[in-house]
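Trainee: okay, here's the prediction I keep looking at, along with the sequence it came from:
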Amino acid sequence: MAKALSMDLRERLVSAVENGLSRRSAAKRFGVAPSTAIKWVDQVKRTGSVQPRRQGGDKRSHHLEVHADEILALVKKDKDLTLAQLVEYIEQTHSLRVAQSTVWRLLDRHNMTLKKNSARRRTGTT
């Protein structure tokens, strides 16, 4: 992921706009996309700062957390469930579409990962 642009650049661009330059002109002057200049100036109006937001991280698996107890109970009950089966169950019972990776992150957060041994059989949860 790309690194956030410097605070100095952000502050100089916003200052130029506040001193009468249009957002698009300021963007061209400082070598950033016009949409970037528009977003930075809007951010200053909303929050009073051009501080970049945190990058990366999980943004979606918290939607699944409300069903965590139910999902964890299912996995404890049937250790042979696959992620695909869990995704299908969640979609059928809760009308919630999630990716297998989202379910995996939920299980990982609760220290319930499924491991396989060398004979390709499940050894249970860890």
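Mentor: Looks like it arrived, so ask away. Residues are numbered from 1 along each chain as shown.
Trainee: surely Ala84 meets Ala99?
Mentor: No: using Cβ atoms under 8 Å, Ala84 makes no contact with Ala99, being 10.5 Å away. From N, CA and C alone the C-beta is placed, and that goes for glycine too.
Trainee: what residues go with each domain of the protein?
Mentor: The chain breaks down into these domains under automatic domain parsing: 7-47, 61-125.
Trainee: so which of those is the most packed in?
Mentor: Neighbour counts (mean count of other Cβ atoms under 10 Å) averaged over each of the domains of the chain peak at domain 7-47, with a mean of 15.
Trainee: what about that one, start to end distance?
Mentor: Terminal residues of domain 7-47 lie 15 Å apart, using Cα to Cα, to the nearest Å.
Trainee: dump the residue contacts of the residue nearest to Phe30 when sequence neighbours are not counted.
Mentor: Excluding its sequence neighbours, the residue lying closest to Phe30 (Cβ to Cβ, 6 or more residues apart in numbering) is Leu13, at 4.9 Å. By Cβ atoms under 8 Å, 6 or more residues apart in numbering, the residues touching Leu13 are 26-27, 30, 32, 37, 40-41.
Trainee: give me the distance between the residue nearest to Gln100 when sequence neighbours are not counted and Thr113.
Mentor: Excluding the flanking residues, the one nearest Gln100 by Cβ to Cβ, 6+ apart is Leu83, at 4.1 Å. Leu83 is 11 Å from Thr113, where distance means Cβ to Cβ, to the nearest Å.
Trainee: who touches both of those two?
Mentor: Trp104.
Trainee: got a list of what Val103 touches?
Mentor: So Val103 contacts 64, 71, 83, 86-87, 90 (Cβ under 8 Å, 6+ apart).
Trainee: so the residue nearest to Phe30 sits in a helix?
Mentor: Yes: assessed by DSSP: H, G, I helix; E, B strand; the rest coil, Leu13 belongs to a helix.
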